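J.: Predicted structure and sequence below. I'll ask about it afterward.
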Amino acid sequence: MATAHALADRAGAVILPHFRTDLTVDHKGGAQFDPVTVADRDAESAIRALLSETFPEHGIVGEEFEDARPDADFCWIVDPIDGTRAFIMGQPLWGTLIGLSAHGAPLLGMMNQPYTGERFWSGETESFFARGLGQGGETRTIRVRPCPALGGAILASTAPELFARTNCPAFEALARTVRLRRFGGDCYNYCLLAMGQIDLVVEAGLKPFDIMPLVPIVERAGGIVTTWEGGDPSRGGRIVAAGDPALHAQA
């Protein structure tokens, strides 16, 4: 966990000078705009450099570069800027995701938002939140909130494009039953869920680095994360996260 905090500190120091500046945005390719910036690449490079010094035998799976020893017993899963679209728009709804898996199972997770000074992470049995960590900020335990019925639930998702074509009917059927749905937020939504601010996060088309670091945060705050079919979420795909197990079952 000390290494995860050090990685978040180093990545934040690399990313922040680029936020809300006139930086160049590249397109990775594909039908939909898939942005990447020097902040994404340099932050992941900084994370990889520190990990190679600290745990050279561990694997690393990241968004911007090729996997290194992905089948290692311990493997770090990193997304230097989850929410690059929000980042290039100047919205503070992005974060650095850092996760560690042990023999393929999520072991720890962290989401760092250096602009707002907020950090979320999982302990052995609980999840935590701090603002201004390292600057006298207080750390507190976070918990999901009860919400057993869909009719009272607040649902969040990153973008409607996630549900185009085959995913759309299922998502729309669920969205019609909840009290409120809201788009935008990326990784921040899962942390709001763990804090007890919202009740459901539903997404599709996620990669492992989009979700694996967030799973321990939600679970140790009392929530549940699975695929739409109820399976292992750590490999990505179609994801449903809920703070209340009864709500998750209904969703």
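T.: Right, received. Where do you want to start?

J.: Looks to me like Ala246 is in a helix.
T.: Yes: using DSSP: H, G, I helix; E, B strand; the rest coil, the secondary structure at Ala246 is a helix.

J.: Distance of it relative to Ile224?
T.: Distance of Ala246 to Ile224, computed by CB to CB, to the nearest Å: 10 Å. C-beta coordinates here come from the backbone N, C-alpha and C atoms, glycine included.

J.: Looking at the two, which is more packed in?
T.: Taking other CB atoms under 10 Å, Ala246 and Ile224 do not tie; Ile224 has more neighbours (19 against 13).

J.: Quick check: the spatially closest residue to the more buried one that is not a sequence neighbour vs Pro70, distance?
T.: Spatial nearest neighbour of Ile224, excluding adjacent residues (CB to CB, 6 or more residues apart in numbering): His248 at 4.8 Å. Taking CB to CB as the measure, His248 falls 29 Å from Pro70.

J.: So Ser234 is in contact with His103, correct?
T.: No: using CB atoms under 8 Å, Ser234 makes no contact with His103, being 11.7 Å away.

J.: So between the two, which is more surrounded?
T.: Taking other CB under 10 Å, Ser234 and His103 do not tie; Ser234 has more neighbours (20 against 9).

J.: who's in contact with the nearest residue to Arg235 once chain neighbours are set aside?
T.: Excluding its sequence neighbours, the residue lying closest to Arg235 (CB to CB, 6+ apart) is Pro208, at 5.4 Å. If you count contacts by CB atoms under 8 Å, 6 or more residues apart in numbering, Pro208 has them with 61, 77, 234-236.

J.: Out of those residues, which end up buried?
T.: The neighbour count (16 or more other CB atoms under 10 Å) marks 61, 77, 234, 236 as buried among the contacts of Pro208.

J.: Make TSV out of these and add pLDDT.
T.: Converted to TSV, these look like this (pLDDT from 0 to 100):
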residue	pLDDT
Val61	96
Ile77	97
Ser234	91
Gly236	94
